[in-house]
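**Student:** What follows is a predicted structure for the sequence shown.
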Amino acid sequence: MIAPIEVLRTRIGLAADDDTRDADIELAEEQALALCESHCDRWFLLLDELEQIWPVGRSLMVKRYPIESVIAITDAVGATVDPMTYQVINDSGIIACQGQGWGAYRVPVKVEYTGGYEPLPADLEYAMLAVFDVLWAETPGWGATAGIPLDAAVAKVSVVGVGSLDFDRGGSASSTNNASKGLGAIPATATAALQRYLNHTVMGGV
């Protein structure tokens, strides 16, 4: 969960105890998490993980970090790697081998570990909620009205006894409007917040 269900209910305009849209909310939440994880090429929630990894030089780089604990590392033929021969750099998700390096083992290796955030950092939670908002607002059947282009600009707002909202169906949103959306369903503000959470593969091209 990127936020308590009560928070997400009120975020879409429901009462905190109204569970009528929970299935849709949970799907949008899963998609928001998946988009942010895909953008950063890493996993965020605190979970137990079993990952098969090819070493890069002397390092193993896991995808669910910060690392809380390493349970076991085994090589391709099932030999257990001695914990005294590696160092865990928790916040970076790196396991550095000492001595002869990982060349002493048959690769790839399997890493059983626990990693991720609990709770999410405030800026990361903000980014995921911003993506959730976009997905909810633009998905027909959730918040969007079917048939309206996703980049449609608001053309007119009428308030006659709390009137209607009209869209420019030609999709003539301004360039400023489009820029504010960032990368697809990830708005620019969320992209900026996610920048510091990019994985090694994204930042260093590994």
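**Tutor:** That came through, no problem. Residues are numbered from 1 along each chain as shown.
**Student:** When you work out contacts or count neighbours from here on, use the C-alpha atoms and nothing else.
**Tutor:** Noted.
**Student:** Pull the residues that contact the helix or strand containing I73.
**Tutor:** Secondary structure from DSSP states H and E places I73 in strand 67-74. With C-alpha atoms under 8 Å, 6 or more residues apart in numbering as the test, strand 67-74 has contacts from 80-81, 88-93, 109-116.
**Student:** now, which of those sits nearest T10?
**Tutor:** Using C-alpha to C-alpha, G116 is the member of the contacts of strand 67-74 that sits closest to T10, with 26.5 Å.
**Student:** need the contact list for that closest one.
**Tutor:** The contact partners of G116, by C-alpha under 8 Å, 6+ apart, come to W43, F44, L45, L46, L47, R64, Y65, P66, I67, E68.
**Student:** still on that earlier bit, from the contacts of strand 67-74, which would you call buried?
**Tutor:** Neighbour counting over the contacts of strand 67-74 (16 or more other C-alpha atoms under 10 Å) leaves V81, V88, S92, G93, V109, K110, V111, E112, Y113, T114, G115, G116 as the buried ones.
**Student:** Next step: those residues restricted to strands.
**Tutor:** V88, V109, K110, V111, E112, Y113, T114, G115 (DSSP state E).
**Student:** SS state for G13?
**Tutor:** At G13, secondary structure determined by DSSP: H, G, I helix; E, B strand; the rest coil is coil.
**Student:** Pull up the gap between it and A137, please.
**Tutor:** Going from G13 to A137 by C-alpha to C-alpha, to the nearest Å gives 12 Å.
**Student:** For those two, indicate the residue with more neighbours.
**Tutor:** Neighbours were tallied for G13 and for A137 using other C-alpha atoms under 10 Å; the higher tally belongs to A137 (16 against 8).
**Student:** Doesn't the more buried one belong to a helix?
**Tutor:** Yes - A137: assigned to a helix according to three-state DSSP.
**Student:** now it: how far from A23?
**Tutor:** From A137 across to A23, the span is 16 Å (C-alpha to C-alpha).
**Student:** How about E6?
**Tutor:** Applying C-alpha to C-alpha to E6 and A23 gives a distance of 13 Å.
**Student:** And these two? Which one has more around it.
**Tutor:** E6 (15 against 10).
**Student:** For the closest residue in space to the more buried one that isn't next to it in sequence, which residues are in contact?
**Tutor:** Computed as C-alpha to C-alpha, 6 or more residues apart in numbering, the closest residue to E6 that is not its neighbour in sequence is A16, at 4.7 Å. Contacts of A16 were listed using C-alpha under 8 Å, 6+ apart, and they are E6, V7, R9, T10.
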